[in-house]
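Chemist: I'll drop the sequence and a predicted model, then ask my questions.
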Amino acid sequence: MINQIKGLHHITSLASNARENNAFFTQVLGLRRIKKTVNFDAPDVYHLYYGDEVGSAGTVMTYFPFPNASTGIPGVGEAGRTSMSIPTGSSQAWLDRLAGFDTRNLSQDSRFGQARVLLDGPDGDQFALVECDDERTPWTGSGVGEAMAVRGFHSIDMRLRDNAASEELLTFMGYEKQDIQGNISRFVVPDGNEANVIDLELLPEGPHAAQGAGSVHHVAFAVENRARQLEVREALLDTGYQVTPVIDRDYFYAIYFRTPGGILFEVSTHEPGFDRDEDTANLGEALKLPSQHEHLRAKLSGLLEPLT
Ligand code: ZN
């Protein structure tokens, strides 16, 4: 068992329209866009990052908006609903706010005693806003006040036909099974950040997911620094996982491996952070390009649609 993983770092999903995606996260959910850059492997596609003021680990939702991508079909073998934390008692304010934006599939329920607001994003991406006592300072610069603002991630669901291997992996990663409710098993990493929950959703007869717009592409876990990351990489390799070399993603260092349930996991560092190439006050405003794509700036600036 390893103890370097602190909870979620970021979650990356797919979208079909950059402008709608940006509007949903900044204007509806009230997050801050903290980086406007491009996909390393497909530089004609944006990579948009949303989070708290500085993009703290455990708050960062990122998207690859592939123009006109077909919509994903939810199923097993993928990360499911993404849950964000909101202040206790703020569900009604969110229901009222989201109804005003004609939000799809808006409803409420409770899981493990925590009230949740359920909603879909522009591509049918499934989200929950989970009431909890969360000490994190929220971003409030996008028109959502402190009394209700999203604090960051709470958790993510993993939809599986069989839990056993994924339970083993999470346990290896330092998570502990905390509770079971129906077909949901809750795992929590002790001494982690506030985004320290993973829920496994057991769907033995579930159809397999087809990835597309609205699907989660991968789930990234946080480690403090590159030394801790190398320890995690060694431990995963020793356990038989195929892990990529360390990849420089400009704002963090990343390694990737696929879980037995078919979900792509990443382990990312806190360093160097999103302010490495622009001031905190102006995060997310200018188009930032990875150095190997800088020579494409003129072409990409013409290809990428304006976000507003
Ligand atoms: Zn990632």
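Modeler: Noted; the coordinates are in hand. Since this is a predicted model, take the numbers as computed values, not measurements. Numbers count the residues shown, from 1 in each chain.
Chemist: For Ile73, name its beta-bridge partners.
Modeler: For Ile73, the beta-bridge partners are Ala210 (DSSP bridges).
Chemist: residue contacts, Ile11?
Modeler: Ile11 makes contact with Val60, Met61, Thr62, Ala79, Thr82, Phe153, Ile156, Val216, His218, Val219, Ala220, according to CB atoms under 8 Å, 6 or more residues apart in numbering. Glycine gets a C-beta too; all of them are placed from N, C-alpha and C.
Chemist: Return the member of those nearest to the ion.
Modeler: Distance to the ion across these (CB to the ion) is lowest for Ala220, with 4.4 Å.
Chemist: Okay, buried residues for the strand or helix carrying the closest one please.
Modeler: Assigned by DSSP states H and E, Ala220 belongs to strand 216-223. Within strand 216-223, the residues that qualify as buried are Val216, His217, His218, Val219, Ala220, Phe221, Ala222, Val223, counting by 16 or more other CB atoms under 10 Å.
Chemist: just these that are near the ion?
Modeler: Ala220 (CB under 5 Å from the ion).
Chemist: I'd like the buried residues of strand 216-223 as TSV, with pLDDT appended.
Modeler: Formatted as TSV, the buried residues of strand 216-223 follow (pLDDT from 0 to 100):
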residue	pLDDT
Val216	98
His217	98
His218	98
Val219	98
Ala220	98
Phe221	98
Ala222	98
Val223	98
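Chemist: Out of the buried residues of strand 216-223, which is nearest to Leu303?
Modeler: His217 (21.2 Å; CB to CB).
Chemist: ok, and the closest non-adjacent residue to that closest one?
Modeler: Of all residues not flanking His217 in the chain, Thr12 sits nearest, at 4.7 Å (CB to CB, 6 or more residues apart in numbering).
Chemist: what's the helix or strand for the one you found?
Modeler: strand 8-15.
Chemist: Report the strands that pair with that strand, each with its relative direction.
Modeler: Using DSSP bridges, the strands paired with strand 8-15 are strand 60-65 (parallel), strand 216-223 (antiparallel).
Chemist: three-state assignment of the residue lying closest to Val76 once chain neighbours are set aside?
Modeler: Nearest non-adjacent residue to Val76, counting by CB to CB, 6+ apart: Gly206, 4.0 Å away. Under DSSP: H, G, I helix; E, B strand; the rest coil, the three-state class of Gly206 is coil.
Chemist: Verify the assumption that Ser301 is located in a helix.
Modeler: Yes - with three-state DSSP as the criterion, Ser301 is part of a helix.
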